[in-house]
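Chemist: Sequence first, predicted coordinates after that:
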Protein chains: 2
Amino acid sequence: MLRRTLLPVKSALWSRQMSVLARSVKYTQHGEPQDVLELVESELPDPKDKQVLVKILAAPINPADINTIQGKYPVKPKFPAVGGNECVAKVLCVGEQVKDLKAGQHVIPLATGLGTWTTHAVYNEDQLMAVSDKVGVAEAATVTVNPCTAYRMLKDFVKLSPGDTVIQNGANSAVGQAVHQLCRAWGINSIGIVRDRPEIADLKQMLQCLGATAVLTEAEIRTSDIFKSGKMKKPRLAFNCVGGKSATEVSRHLDHGGVLVTYGGMSREPVTVATGPLIFKDIAFRGFWMTRWSKENYSSPERSKMFKEIFDLMEQGKFVAPTHEMVPLKNFKDAAAAALNFKGFTGKKYILDMSE
Amino acid sequence: MLRRTLLPVKSALWSRQMSVLARSVKYTQHGEPQDVLELVESELPDPKDKQVLVKILAAPINPADINTIQGKYPVKPKFPAVGGNECVAKVLCVGEQVKDLKAGQHVIPLATGLGTWTTHAVYNEDQLMAVSDKVGVAEAATVTVNPCTAYRMLKDFVKLSPGDTVIQNGANSAVGQAVHQLCRAWGINSIGIVRDRPEIADLKQMLQCLGATAVLTEAEIRTSDIFKSGKMKKPRLAFNCVGGKSATEVSRHLDHGGVLVTYGGMSREPVTVATGPLIFKDIAFRGFWMTRWSKENYSSPERSKMFKEIFDLMEQGKFVAPTHEMVPLKNFKDAAAAALNFKGFTGKKYILDMSE
């Protein structure tokens, strides 16, 4: 909601004279989202120096955002805090020292913890990255967490070549969907494991549509000979977001020297690692946290390369956002409550739509 | 037992005319050592070409040797098989194409599965490495498995500098004793965890004598503030030969980015890996198997460097064999039965003494 009607930016001087009333989803203490979140209006200062005033177009609700609000995440916000870490936004106007961004451009956050569940925000130029408006709003809004997690896990643990195989549980998670799509783009076999459910046939078809080479239920993979016929290489890389028996089962299919990368633990059960595979098969059990990688590689060429590659695929229509629902900002409480209510990643991602 | 009295080797011609009756601990099927092992006499052929006839001086009984006899080890021998993988031997005579070994030299096996529980053997030159006779018989006989495991685990997972810390459970195991001694030589703090027992004070003193910076029982480490006072760096490397709760406890003390290397599983319980440390602390769970490393690095400069470094320490008296007992060959059955009977590495290593 702009106090003045937003007109095309005519001059930098004019752009600094705008004043904007932002509506933000804020919290001042940890707790359940429905208890502690509230929609607060506040006037934003004009962007100065290297600051950028943006209008948020869309911002997803990620499980980690909810855990952060609950106080269960290793990243602790300063109160009062605005929820959310991801978004795609449109630049409204920029401070006089801003060099590389201009009004009208789409941007995504390079930094985490910016507080993106808000209609407008003032960020610093170095916290943002321009993105082509040919990239869909849902895709751009959700790129920095899940697709980047999938990309890094495929790149940083085992050197894969076309024809190699990866296997993952929770294959219908947002990261799982990204893994399938990147594997398809890179010629890598990707085997998805999902829990059985009434609508299993639809789910399998959906994931195969995204590029999964095969999708099996946890019961099916236990008796499958998919890696025994010799038609498909045994996986050298596995991804786990479930834990417990599911993780053990996935690791059992790894080839010698393989790596199981854990990026989530939806079952709340630990990963159990038998001594034999550790020693005699040289299986490694690692973990991955996108937030740390992004901090450690904030301005790295490797990070720019990753974004370019993913955005190129998105522009070509070869990489779509995970299953999602756009939700009006006013429904933020229901969406936040529902975001953690899906059991074992059967649900969709909620994306707050700020365009209303 | 030589058919002819062994005289100093005068000529290569003469040396090839010797004939030797070897007594070997053999088995023709898998089973418990006391059931399937027997002492068998056989005449050895003269060493030809690149062959070397050796008299074994001493050969240890390692847990993996027993597991191999039981059929529980990934390495399967061809029957009839001679037990044992390690030894120190004296060269009696050599084939005409042998270049680098000569009668009188001490040698150790470079290859595994040679069958070392025998009074004499004919090996190929490339299966052996000369070792100075200044290195003690017990040290040379036990160097290729435990000290090399300790060396590689300290070198190959985390880059350590003087002042860094490692922590290990089963700290009184043969590998554990080697870890303490290498850490002392390299200026690295080494914290040993052992099970409580009546003679705990003696055990602590013994391990501190070998170089342990501190030795704690499993109960003591749970409440210790050893890494909290700031006097000692948190460990970036941990070794586990126990599994179960002991492994979890050891991994809990690792610093961010630390690695837990499993090389044994005496409790027969798996390693349990919580999702949080994997993701947020970037703790990695790896395994190490000396047999594989030795095969993959058979003639590597890295392997020669390792042996040279360890032998230098042994010659200087800075590295001693693990707690052991020399056992006459005729008592092989009792020793083999006892070798796996120690509970959780409280026992000593039995070394067959072939000198009688």
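Modeler: Ah, there it is.

Chemist: Specify the beta-bridge partners of A:Val194.
Modeler: The residues listed as beta-bridge partners of A:Val194 by DSSP bridges are A:Thr217.

Chemist: show me the contacts for A:Glu309.
Modeler: The neighbours of A:Glu309, taking Cβ atoms under 8 Å, 6 or more residues apart in numbering or on different chains as the test, are A:Tyr151. (C-beta placed from N, C-alpha, C; glycine too.)

Chemist: gap between it and chain B?
Modeler: 24 Å (Cβ to the nearest Cβ, to the nearest Å).

Chemist: Kindly report the same for A:Leu44.
Modeler: 33 Å.

Chemist: What parts of the stretch 101-250 of chain A come near chain B?
Modeler: Proximity of the stretch 101-250 of chain A to chain B, by Cβ under 8 Å from any Cβ of the partner chain, involves residues A:Gly243.

Chemist: any weak-confidence spans in chain A?
Modeler: Filtered on pLDDT under 70, chain A yields the residue ranges A:1-18, A:341-347, A:356.

Chemist: For it, which segments count as helices?
Modeler: Chain-ordered helices for chain A, with DSSP state H as the definition, fall at A:12-16, A:33-36, A:63-70, A:137-141, A:146-155, A:174-186, A:200-210, A:218-223, A:244-252, A:275-280, A:290-296, A:301-315, A:332-339.

Chemist: Please enumerate residues in contact with the second one?
Modeler: The contact list for helix A:33-36, computed with Cβ under 8 Å, 6+ apart, reads A:27-30, A:66, A:69-70, A:83, A:333, A:336-337, A:339.

Chemist: What distance do you get for the nearest residue to A:Leu160 once chain neighbours are set aside to chain B?
Modeler: Take A:Leu160 and drop its neighbours on the chain: the residue closest to it by Cβ to Cβ, 6 or more residues apart in numbering or on different chains is A:Ile188, 5.6 Å away. Applying Cβ to the nearest Cβ, one obtains 23 Å for the distance of A:Ile188 from chain B.

Chemist: likewise A:Phe79?
Modeler: A:Phe79 sits at a distance of 22 Å from chain B (criterion: Cβ to the nearest Cβ).

Chemist: circling back to that earlier point, the contacts of helix A:33-36, buried ones only, as a PyMOL selection?
Modeler: Only the buried members of those enter the following PyMOL selection, criterion being 16 or more other Cβ atoms under 10 Å in any protein chain shown:
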select buried, chain A and resi 27+30+66+69+83+336+337+339
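
Chemist: Select, from the contacts of helix A:33-36, the two members most distant in space.
Modeler: With distance counted by Cβ to Cβ, no two of these lie farther apart than A:Thr28 and A:Ala339, which are 20.3 Å apart.

Chemist: Now for the residue nearest to A:Leu160: which residues touch it?
Modeler: A:154, A:160, A:162-166, A:182.

Chemist: Same question for A:Glu86.
Modeler: Remark: with contacts taken as Cβ under 8 Å, 6+ apart, A:Glu86 is in contact with A:59-60, A:62, A:108-109, A:116, A:141-145.

Chemist: okay, those residues in JSON lines with neighbour count next?
Modeler: Shown next, in JSON lines, are the contacts of A:Glu86 (neighbours: other Cβ atoms under 10 Å in any protein chain shown):
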{"residue": "A:Ala59", "neighbour count": "33"}
{"residue": "A:Pro60", "neighbour count": "31"}
{"residue": "A:Asn62", "neighbour count": "21"}
{"residue": "A:Ile108", "neighbour count": "21"}
{"residue": "A:Pro109", "neighbour count": "24"}
{"residue": "A:Thr116", "neighbour count": "29"}
{"residue": "A:Ala141", "neighbour count": "29"}
{"residue": "A:Thr142", "neighbour count": "27"}
{"residue": "A:Val143", "neighbour count": "26"}
{"residue": "A:Thr144", "neighbour count": "26"}
{"residue": "A:Val145", "neighbour count": "23"}
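
Chemist: For the residues you listed, work out which two are farthest apart.
Modeler: By the measure Cβ to Cβ, the contacts of A:Glu86 have their two most distant members at A:Asn62 and A:Ile108, which lie 13.9 Å apart.

Chemist: which bits of the stretch 251-356 of chain A sit near chain B?
Modeler: Counting by Cβ under 8 Å from any Cβ, the positions of the stretch 251-356 of chain A adjacent to chain B are A:262-265, A:270-289, A:292.

Chemist: Could you pick out the buried ones from these?
Modeler: A:262-265, A:270-275, A:277-289, A:292.

Chemist: Would you mind splitting chain A into its domains for me?
Modeler: Listed domain ranges for chain A are A:12-142+A:321-353, A:146-291 (source: automatic domain parsing).

Chemist: how about those domains in a markdown table, adding distance to A:Ile310?
Modeler: Conversion of these to a markdown table gives the following (distance: least, Cβ to Cβ, whole Å):
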| stretch | distance to A:Ile310 |
| --- | --- |
| domain A:12-142+A:321-353 | 9 |
| domain A:146-291 | 5 |
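
Chemist: Which among these is found nearest to B:Arg303?
Modeler: Evaluated with Cβ to Cβ, these place domain A:146-291 nearest to B:Arg303, the distance being 18.0 Å.

Chemist: Show me which positions of stretch A:172-189 end up buried.
Modeler: For stretch A:172-189, the neighbour count (16+ other Cβ under 10 Å) marks A:172-186, A:188-189 as buried.

Chemist: C-alpha coordinates for it, CSV please?
Modeler: Listed next in CSV are the C-alpha coordinates belonging to stretch A:172-189 (Å, rounded to 0.1, in the frame of the first residue of the first chain):
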residue,chain,number,x,y,z
ASN,A,172,8.0,-35.6,-3.4
SER,A,173,9.5,-32.9,-1.0
ALA,A,174,10.2,-29.6,-2.5
VAL,A,175,14.0,-30.5,-2.6
GLY,A,176,13.1,-33.9,-4.0
GLN,A,177,11.2,-32.4,-6.9
ALA,A,178,14.2,-30.1,-7.6
VAL,A,179,16.5,-33.1,-7.5
HIS,A,180,14.5,-34.9,-10.1
GLN,A,181,14.4,-31.9,-12.4
LEU,A,182,18.2,-31.2,-12.1
CYS,A,183,19.0,-34.9,-12.7
ARG,A,184,16.8,-34.9,-15.8
ALA,A,185,18.7,-31.8,-17.1
TRP,A,186,22.1,-33.4,-16.4
GLY,A,187,21.3,-36.9,-17.7
ILE,A,188,21.5,-38.5,-14.2
ASN,A,189,19.2,-41.3,-13.2
